[in-house]
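Colleague: A predicted structure for the sequence below; I have some questions about it.
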Amino acid sequence: MSIRRIIRLVKKELLQTFRDKRSVGLLLLSPILQLFLFGYAVTTDINHIATAVYDEDRTAASREFVARFTRSGYFIYRQYLTAPEQINEVLDAGKAQMVLHIPPGFAKDLARVREARVQTILDGSDSMTARVIAGYATAVVQQYSGAVMAERLDRLRGMVTRVPAIEGRLRVWYNPDLRSARFMVPAVLCLILLTITVMLTSMSIVKEKELGTLEQLVVTPITPAELMLGKTLPGLLIGMLDMTFVLLVAVLWFRIPVAGSVPLIFLLSALFLMTTLGLGIFISTISKTQHEATLTSFFFILPFIILSGFMFPIENMPRIIQYITYAIPVRYFLEIIRGIFLRGVGLEYLWPQTLALAGFGIGILTLSAARFSKRLG
Amino acid sequence: MFLRMRMIMWKEFVQISRDPRLLAVVVVIPLLMLLIYGYAINLDVRDLRLAVYDQDRSPASRALIEVFTESKYFRITHYLEDQRQVTGELDGNRAQLVLIIPPDYSGDLADGRTARVQVLVNGSDSTTAGTGIGYIGALLQQQSARVSLEALAREGVSVTRAALPVDNRIRYWYNAELRSTNFLVPGLVAMILMMLAALLTSVTVVRERERGTIEQLVVSPVQPLELMLGKLIPYVAIAFADVILILLVGVYVFQVPFRGSPWLVLGLSGIFVTAALGIGLLFSTIAPNQQLALLASMLATQLPSVLLSGFIFPISSMPLPLQVFTNVIPARHFIKILRGVIMKGNGPAEIWPSALGLLLFALAMLGLSAARFKKKL
């Protein structure tokens, strides 16, 4: 193995990549674009819920009940309805996401200490939002109920002096203000490393095939191992470069501090890159054109991203799919990155994931290296 | 003009049919995504991992814990013995929430005071944490009301049988059980089309250029618009076949109710597909090589379509500039149309603004890529 030859090959690759201003732009801009999209667009905190009210009771009590919703800050009134058919209209047209319906007798029921019934109708076609709105609405109603209860108990104070109750004190760790960006931005790191390294590696090898220059390389004194290193090292370098970049933006722009050790992030990322570069080589061995290589990369990357827990928690998946996710290396890397970034833990907790990642890396890399050399020889 | 266009179409069809991997992608990727999104992704948060540290160990504290074991939202993973274990549970991500019941819990309740329990939440996944906080708050309040009422009953004061004065009935329209598949499948039609369009077209023009066959086309009497349309129509046909495939699987396998007119969906799909393919074409006229064309069109179409279209993440909770920006994402309009027609049974009266937006976008894309192509020649 000749280090000089490898270095020359790496230089050639980097030169080819960076000669074109557009590809430099893409390699640098795409991480930024992804960071901003995931940092800002992916949020499930819902505000400004368009609400329509159909108040058949029209009493001071019902108005007070309705006002509780506005005061919560989540709901915005769009329309007061006067007939039941209008409920249909506003929901069909998407003018309101929620209709609050107070039937007649609301105030009377409250005054007579009977259960007062109200109805909230939600647009379930966006089930994600509907679920969150249902949570807010329940909380507002509970608070109102609690206030009514407290008043009633106050009136009973003469007879009963002390009424026991339970109060929950909540403390949120690692992400006290529950910012979505804190959860998503570190994960973008995995996404970028995965897509860029797999695609770059597979395409740069296949490109030589397509242009017929691979034969020229084979007849030179370069050994398959050297060729492979020469083709994967640029991916490794660019991956690390992008990572540094993402880390800087995360810390300086999004103000997401790295709770754990930064060197550990780099170290374990290198471990993860063994898997992605190996995958890139593997894809290049089964593709003849760059077009084919991209399509094949896509087959791998797509399920990897969806099943890794990147956007959708693995715990919510059906049991069988949960078992499948163990075969997805990105899953372990995500757990590692989020663990170090958010919870500030180290190998004392993350060793199982690290071992799994190392296993995948070594396995995939040796298998595809063997396949690659056989193809060349 | 039609003859020349037909010849280009024919050539493109032949090229596609010679590319077995492309054909596989066209059929397999939509099915794969349907399967993953239909089965694996569940946006319902349940079975949250809860660790309990009961310092009181009394019948009262056990009654509280029972409330959690009986709820489908929590799964108790550990009973902790020691304060030091608490940190480990959260750091190691073994539990998402820890409930700490202090030693004086039952004593406080017996004396008619407010007992305080502590809940620690792993906030790193803000969505799950937010939902968990909501559930736990509701359960605590329920138990609190029960304890208060029991105490009052012992004193001989009967308040009401109902635990809370106001009963709020929540109803979800269009999707009564809030099934995630009903919400995801219509959106998925847009996602898959967008992805295929980017994959398919971005390579067509660049491939001709890389192989040098573009010069041959240029010296032929083919007009740019003829070339554009001739290249587009075969892919539009493939995409149409995919729309039908996805809708059939969605309705018959995943039991998504289809309330509106299928013809309306198909007609508007045609416009959307043209818009999506137009973006791919535009990129392929800009990018210097296949590699870049693919990467760029992936980034520019895939991510924004997933994240900024309201496919999963609600647009109304994004920052205002981003909300305004989503208007130029064709998938956003198309998803609104799809959900409206499929889930709500909307007709032209409700969806025409989105349809108009889509049409304008499609025309603009076609015009731009034809103009760009002309200039290049």
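Modeller: Arrived safely, thanks for sending.
Colleague: helix, strand or coil for the residue of the stretch 101-250 of chain A found nearest chain B?
Modeller: Nearest to chain B in the stretch 101-250 of chain A, going by Cβ to the nearest Cβ, is residue A:162, at a distance of 2.8 Å. Any C-beta I mention is one placed from the backbone N, CA and C, and that applies to glycine too. Secondary structure for residue A:162, judged by DSSP: H, G, I helix; E, B strand; the rest coil, is coil.
Colleague: got a pLDDT number for the nearest residue to it once chain neighbours are set aside?
Modeller: Closest residue to residue A:162 apart from its sequence neighbours, by Cβ to Cβ, 6 or more residues apart in numbering or on different chains: residue B:112 at 2.8 Å. If you check residue B:112, the pLDDT there is 84.
Colleague: what about the residue in the stretch 101-250 of chain B positioned nearest to chain A, neighbour count?
Modeller: Relative to chain A, the nearest point of the stretch 101-250 of chain B is residue B:112 (2.8 Å; Cβ to the nearest Cβ). Using other Cβ atoms under 10 Å in any protein chain shown, residue B:112 has 15 other residues around it.
Colleague: isn't the residue nearest to residue A:162 right up against residue B:154?
Modeller: No: if you go by Cβ atoms under 8 Å, residue B:112 and residue B:154 don't touch, sitting 10.5 Å apart.
Colleague: that older thread, the residue nearest to residue A:162 belongs to a strand, doesn't it?
Modeller: No: under three-state DSSP, residue B:112 sits outside any strand and is assigned coil.
Colleague: ok, back up a step: residues near the residue of the stretch 101-250 of chain A closest to chain B, how many?
Modeller: Residues near residue A:162, counting by other Cβ under 10 Å: 12.
Colleague: also residue A:351?
Modeller: So residue A:351, with other Cβ under 10 Å, has 10 neighbours.
Colleague: with residue A:113 instead?
Modeller: Residues near residue A:113, counting by other Cβ under 10 Å: 13.
Colleague: helices of the stretch 201-350 of chain B, start to end?
Modeller: B:213-219, B:224-252, B:262-286, B:290-297, B:303-307, B:320-325, B:330-339, B:348-376 (DSSP state H, counting those that start in this stretch).
Colleague: want to throw those into JSON lines with distance to chain A, mean pLDDT and mean neighbour count?
Modeller: JSON lines is the format used below for the helices of the stretch 201-350 of chain B (distance: least, Cβ to the nearest Cβ, whole Å; pLDDT from 0 to 100; neighbours: other Cβ atoms under 10 Å in any protein chain shown):
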{"stretch": "helix B:213-219", "distance to chain A": "14", "mean pLDDT": "67", "mean neighbour count": "13"}
{"stretch": "helix B:224-252", "distance to chain A": "14", "mean pLDDT": "82", "mean neighbour count": "19"}
{"stretch": "helix B:262-286", "distance to chain A": "8", "mean pLDDT": "84", "mean neighbour count": "22"}
{"stretch": "helix B:290-297", "distance to chain A": "5", "mean pLDDT": "69", "mean neighbour count": "25"}
{"stretch": "helix B:303-307", "distance to chain A": "4", "mean pLDDT": "81", "mean neighbour count": "22"}
{"stretch": "helix B:320-325", "distance to chain A": "6", "mean pLDDT": "88", "mean neighbour count": "12"}
{"stretch": "helix B:330-339", "distance to chain A": "5", "mean pLDDT": "90", "mean neighbour count": "28"}
{"stretch": "helix B:348-376", "distance to chain A": "5", "mean pLDDT": "83", "mean neighbour count": "17"}
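Colleague: save the ones you listed as TSV, and put in distance to residue B:52 too.
Modeller: Converted to TSV, these look like this (distance: least, Cβ to Cβ, whole Å):
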stretch	distance to residue B:52
helix B:213-219	69
helix B:224-252	42
helix B:262-286	50
helix B:290-297	49
helix B:303-307	37
helix B:320-325	41
helix B:330-339	41
helix B:348-376	49
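Colleague: do you know which of these lies nearest residue B:186?
Modeller: If you check each of these against residue B:186 by Cβ to Cβ, helix B:330-339 wins as the nearest, at 4.0 Å.
Colleague: remind me what that closest one packs against, helices and strands.
Modeller: Helices and strands touching helix B:330-339, by 3 or more Cβ pairs under 8 Å, 6 or more residues apart in numbering or on different chains; DSSP states H and E, are helix B:180-210, helix B:262-286, helix B:348-376.
Colleague: with just CA atoms, put that helix into PDB.
Modeller: C-alpha atoms of helix B:330-339 as PDB (Å, rounded to 0.1, in the frame of the first residue of the first chain):
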ATOM      1  CA  PRO B 330     -46.700  23.200  -4.900                       C
ATOM      2  CA  ALA B 331     -47.000  20.200  -2.600                       C
ATOM      3  CA  ARG B 332     -48.700  22.500   0.000                       C
ATOM      4  CA  HIS B 333     -51.500  23.400  -2.300                       C
ATOM      5  CA  PHE B 334     -51.800  19.800  -3.600                       C
ATOM      6  CA  ILE B 335     -52.000  18.300  -0.100                       C
ATOM      7  CA  LYS B 336     -54.700  20.800   0.900                       C
ATOM      8  CA  ILE B 337     -56.700  19.700  -2.200                       C
ATOM      9  CA  LEU B 338     -56.100  16.000  -1.600                       C
ATOM     10  CA  ARG B 339     -57.100  16.100   2.000                       C
END
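Colleague: so how far is that helix off the chain centroid?
Modeller: Helix B:330-339 has its C-alpha centroid displaced from the chain centroid by 12 Å (Cα atoms, centre = their mean, to the nearest Å).
Colleague: can you tell me the SS state at residue B:120?
Modeller: strand.
Colleague: quick check: beta-bridge partners of it?
Modeller: Counting by DSSP bridges, residue B:120 forms beta bridges with residue A:171, residue B:98.
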